[in-house]
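[1] any chance you could fold what I've pasted below:
(one chain, ligands or ions: 1)
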Amino acid sequence: MIDDGLPPLRDVVESCGIEPSRALGQNFLFDLNLTGRIARVAGPLAGVPVVEVGPGPGGLTRALLAEGAEVVAVERDRRCLPALRAIADRYPGRLTVIEGDALEVVPARLPARADGRPWRIVANLPYNVATPLLTGWIEAEAWPPWYDRMVLMFQREVAERIVATPAERADYGRLGVLCGWRTRARILFDVAPSNFVPPPKVMSSIVELVPNPSPLPCGAASLSRVTAAAFGQRRKMLRQSLKGLATPRGPVDVASLLERAGLDGTARAETLTVAEFVTLARLSEA
Ligand code: SAM
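    The predicted structure follows:
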């Protein structure tokens, strides 16, 4: 149990008048044992720069700080700021709060680090922006990226899509290809709805994603274009689903592309490995 001398989260939310907002994806964690567990699986954290998206009243923030992290927390809801200020006072110099939309702020407005240490991203993500945040971070131009690991809460169904391979056909799609290309992703544990206030309708999971230091060479935009076309009509054969594929230079000759990639045009997207998608993406630019 975290003994930081700060008030229980239930009291914090009440005294700050933070009525949970569905539009902001606010499902709070009040149990500091659980937030402590999340912080520990993201650790060791002593002196580690952590960016947290959506600290809310600060349950996970407090756990990260108790484990020794230096936290930058990005929160859109200004009603949470007084609670976060109280936490910052309890941990002088170790918590910076940025008010704003994480889609714009992370990583663009993160403070520069003199020591050049990579960030770690740890968050109970707002589910409405969780997937665009994740794909933006994985499609980072510079690779290895600005972070060394991500430990993130998603809806269980999204977590399954992140870790899916062609063996799990129903879940395998664009997200699985992207994550499988540039990261090693695994589900660490599930979190039941009863742990949140208010409880969401679905099960959640903590997912760890570690950047792959040398992913197969390919442009993120090309891979995105190819997987969008292939999975856009996932029940169709590739020779059909890829028909509209075009690069900024113009339409792609799909028959020639499949032949150069050594792929059978009658195959379906959900049977292709990540390496085969990368080959298609690379050759589509050639
Ligand atoms: N971390 C807290 C916890 O575990 O109790 C709150 C998690 S809650 C699922 C998501 C948080 O993200 C909310 O505090 C919400 O206000 C915030 N949020 C929603 N959209 C955001 C955005 N685009 N950028 C930054 N924060 C956002």
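[2] show me where the stretch 151-286 of the chain has strands.
    183-191, 196-197, 204-211, 246-247, 250-251 (DSSP state E, counting those that start in this stretch).
[3] ranking those strands by burial, who's on top?
    Most buried of the strands of the stretch 151-286 of the chain, by mean neighbour count (mean count of other Cβ atoms under 10 Å): strand 204-211, with a mean of 21. C-beta: built from backbone N, CA, C; applies to glycine.
[4] wait, isn't residue 36 in contact with residue 1?
    Yes. Between residue 36 and residue 1 a contact is recorded at 7.4 Å, counting by Cβ atoms under 8 Å.
[5] tell me the contacts of residue 7?
    Applying Cβ atoms under 8 Å, 6 or more residues apart in numbering to residue 7 gives the contacts residue 15.
[6] same deal with residue 138?
    Going by Cβ under 8 Å, 6+ apart, residue 138 touches 145, 178, 179, 182, 183, 209, 220.
[7] residue 58: which of the residues you listed is nearest?
    Among those, residue 209 lies closest to residue 58 (Cβ to Cβ), at 23.8 Å.
[8] who's more crowded, residue 36 and residue 1?
    residue 36 (18 against 8; other Cβ atoms under 10 Å).
[9] could you give me the average pLDDT of the strand or helix carrying that one?
    Element membership for residue 36 (DSSP states H and E) is helix 32-41. Across helix 32-41, pLDDT averages out at 98.
[10] same thing with stretch 142-151?
    The average pLDDT for stretch 142-151 rounds to 96.
[11] ends of that stretch, how far apart?
    20 Å (Cα to Cα, to the nearest Å).
[12] can you point out the buried residues in that stretch?
    For stretch 142-151, a neighbour-count test (16 or more other Cβ atoms under 10 Å) marks 143, 145, 146, 147, 149, 150, 151 as buried.
[13] which single residue of the stretch 1-150 of the chain ends up nearest the ligand?
    Closest to the ligand within the stretch 1-150 of the chain is residue 54: 2.1 Å, counting by Cβ to the nearest ligand atom.
[14] now render the contacts of residue 138 as a markdown table, adding distance to the ligand.
    Shown next, in a markdown table, are the contacts of residue 138 (distance: Cβ to the nearest ligand atom, whole Å):
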| residue | distance to the ligand |
| --- | --- |
| 145 | 19 |
| 178 | 20 |
| 179 | 21 |
| 182 | 23 |
| 183 | 22 |
| 209 | 18 |
| 220 | 22 |
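[15] export these to TSV and append columns for distance to residue 248.
    Listed next are those as TSV, based on distance: Cβ to Cβ, whole Å:
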residue	distance to residue 248
145	24
178	20
179	25
182	22
183	26
209	29
220	14
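[16] going by distance to residue 285, which of those residues wins?
    Distance to residue 285, by Cβ to Cβ, is smallest for residue 220 among these, at 11.9 Å.
[17] hang on, the closest one packs against residue 137?
    No. Assessed by Cβ under 8 Å, residue 220 is found out of contact with residue 137, at 11.1 Å.
[18] what about those two, which has more around it?
    residue 137 (21 against 18).
[19] what about the more buried one, helix or strand, and which?
    Per DSSP H and E: residue 137 is located in helix 130-138.
[20] that helix vs strand 204-211, what angle?
    Inter-element angle recorded for helix 130-138 and strand 204-211: 10 degrees (by axes from the mean of the first three to the mean of the last three Cα atoms, to 10 degrees).
[21] which residues does residue 39 contact?
    Contact analysis of residue 39 by Cβ under 8 Å, 6+ apart lists 45, 60, 63, 64, 66, 67, 69, 122.
[22] for residue 260, grab the count of nearby residues.
    15.
[23] can you check the one 10 residues further on too?
    The criterion is other Cβ under 10 Å. On that basis, residue 270 has 18 neighbouring residues.
[24] what residues does this structure put near the ligand?
    24-29, 53-56, 59-60, 74-77, 80, 101-103, 124, 126, 129 (Cβ under 6 Å from any ligand atom).
[25] swap in 8 Å and give it another go.
    Neighbours of the ligand within the chain, by Cβ under 8 Å from any ligand atom: 9, 21, 24-30, 35, 52-61, 74-77, 80, 100-103, 105, 123-129, 133, 153, 196.
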